[in-house]
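Peer 1: coords please:
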Amino acid sequence: MDESAVIQVERLTRRYAGRPGYEAVRGVDFAVRRGELFALLGTNGAGKTSTLEVLEGLAQPTSGTVRVLGHDPYRDRRLVRPRIGIMLQDRGFAADLTVAETTKMWAGTLSTPRPVGEILELVELTSRAGVRVRQLSGGERQRLSLGLAIAGQPDLLFLDEPTAGLDPENRQRTWQLISRLLSSGTTVLLTTHYLAEAAELADRLAIMHHGRIVGLGTPAEIAGIRPARISFHLPADARLPSLPQAVATVDAGGKVFLDTEDLQLTLTALLAWAAQAGIQLTELTARPASLEEAFLAIAAAGPIADSTEGAAA
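Peer 2: Numbering: from 1, shown residues only. The predicted model follows:
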């Protein structure tokens, strides 16, 4: 086990007593390094929430080993809790308290809180300090929840859908705040359904599917499991040659799509052929695969069979 990792998970499994034979988490391994943003992604029912509850010290694993900041987060919760911040999608705020009162009350439970004014400034709620929580918009509640999560100046921050309900402008501002926290040394574990958010912010990420991690690496590495794509319109009288590393399809409108494992090699060969033949390729685009394409390919896959189940059968 890597003692220098902020989070270390080895062979984590989690079962529920009311569902015999069902494993929500099935032998998961990953580590989160100090100062990085690690995104945990997954389809609905993939096991993300079950994993997070163990990491946050809210539940015990059925088996496996978990260390957060060097401690068992469940058994040593009193040591871990002061050093982490948790942003949940719904904190159940007291509707009649103002934003400032809510923040002051929460700060009073922490050992080393930021000043209330600083918290509100960080999440851009200073002008709403005297407003009752029930009068806040959904996006403002999200920002308040984020403010409370960072109020204790945590070493490790868990963010569960931090930009849900935010418009694009406020989403960008939240990304900027998260980037500042990372620059200050905070480690962040993020869950999100906005794949562009994960691609923009994450140093590394894991994709869970049916209780297992099926993709682990940088956003570019994960996207790289899918082919790159070149598209263009070919003149009706031209015949496309065989190109290296490429599979071609043509739609009803005559547009050509080339899926390739080597974008540079295929594109170079295509342009050389077009130049030599004097052919103009209109609406030409070339791009690597996206994280979203890789994620959707994983989501489209069926349940992962256990090798033990196959042997038993």
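
Peer 1: phi and psi next, for the nearest residue in space to Lys255 that is not next to it in sequence.
Peer 2: The spatial neighbour of Lys255 that comes closest, neighbours along the chain excluded (CB to CB, 6 or more residues apart in numbering), is His233 at 5.5 Å. For every residue, glycine as well, the C-beta is placed using N, CA and C. The phi and psi values for His233, taken as degrees, to the nearest 10, are phi -100, psi 130.

Peer 1: bridging residues for His233?
Peer 2: Listed beta-bridge partners, His233: Lys255, Thr282 (assigned using DSSP bridges).

Peer 1: now do Phe158
Peer 2: Under the criterion used here (DSSP bridges), Phe158 is bridged to Ile86, Leu189.

Peer 1: and Glu118, how many residues sit next to it?
Peer 2: 14 (other CB atoms under 10 Å).

Peer 1: who touches the residue nearest to Lys255 in this structure?
Peer 2: Contact analysis of His233 by CB atoms under 8 Å, 6 or more residues apart in numbering lists 254-256, 281-283.

Peer 1: from Ala248, how far off is it?
Peer 2: 13 Å (CB to CB, to the nearest Å).

Peer 1: which neighbours do the two share?
Peer 2: Common neighbours of His233 and Ala248 (CB under 8 Å, 6+ apart) are Val256.

Peer 1: can you give me the offset of stretch 33-53 from its chain's centre?
Peer 2: Computed by CA atoms, centre = their mean, to the nearest Å, the chain-centroid distance of stretch 33-53 equals 7 Å.

Peer 1: using PDB, write down the CA coordinates of it.
Peer 2: C-alpha atoms of stretch 33-53 as PDB (Å, rounded to 0.1, in the frame of the first residue of the first chain):
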ATOM      1  CA  ARG A  33      -2.300  11.400  -5.200                       C
ATOM      2  CA  ARG A  34      -1.700  14.400  -3.100                       C
ATOM      3  CA  GLY A  35      -2.800  17.700  -4.800                       C
ATOM      4  CA  GLU A  36      -4.500  16.100  -7.800                       C
ATOM      5  CA  LEU A  37      -8.200  16.100  -8.900                       C
ATOM      6  CA  PHE A  38      -9.400  12.600  -9.300                       C
ATOM      7  CA  ALA A  39     -12.800  12.100 -11.000                       C
ATOM      8  CA  LEU A  40     -14.900   9.100 -10.200                       C
ATOM      9  CA  LEU A  41     -17.400   8.500 -13.100                       C
ATOM     10  CA  GLY A  42     -19.900   5.900 -13.800                       C
ATOM     11  CA  THR A  43     -23.200   4.900 -15.200                       C
ATOM     12  CA  ASN A  44     -26.300   4.800 -12.800                       C
ATOM     13  CA  GLY A  45     -25.900   2.000 -10.400                       C
ATOM     14  CA  ALA A  46     -22.200   1.600 -11.200                       C
ATOM     15  CA  GLY A  47     -21.200   1.700  -7.500                       C
ATOM     16  CA  LYS A  48     -19.900   5.300  -7.200                       C
ATOM     17  CA  THR A  49     -22.100   6.200  -4.200                       C
ATOM     18  CA  SER A  50     -21.300   3.000  -2.400                       C
ATOM     19  CA  THR A  51     -17.600   3.600  -2.900                       C
ATOM     20  CA  LEU A  52     -17.800   7.200  -1.700                       C
ATOM     21  CA  GLU A  53     -19.700   6.300   1.400                       C
END
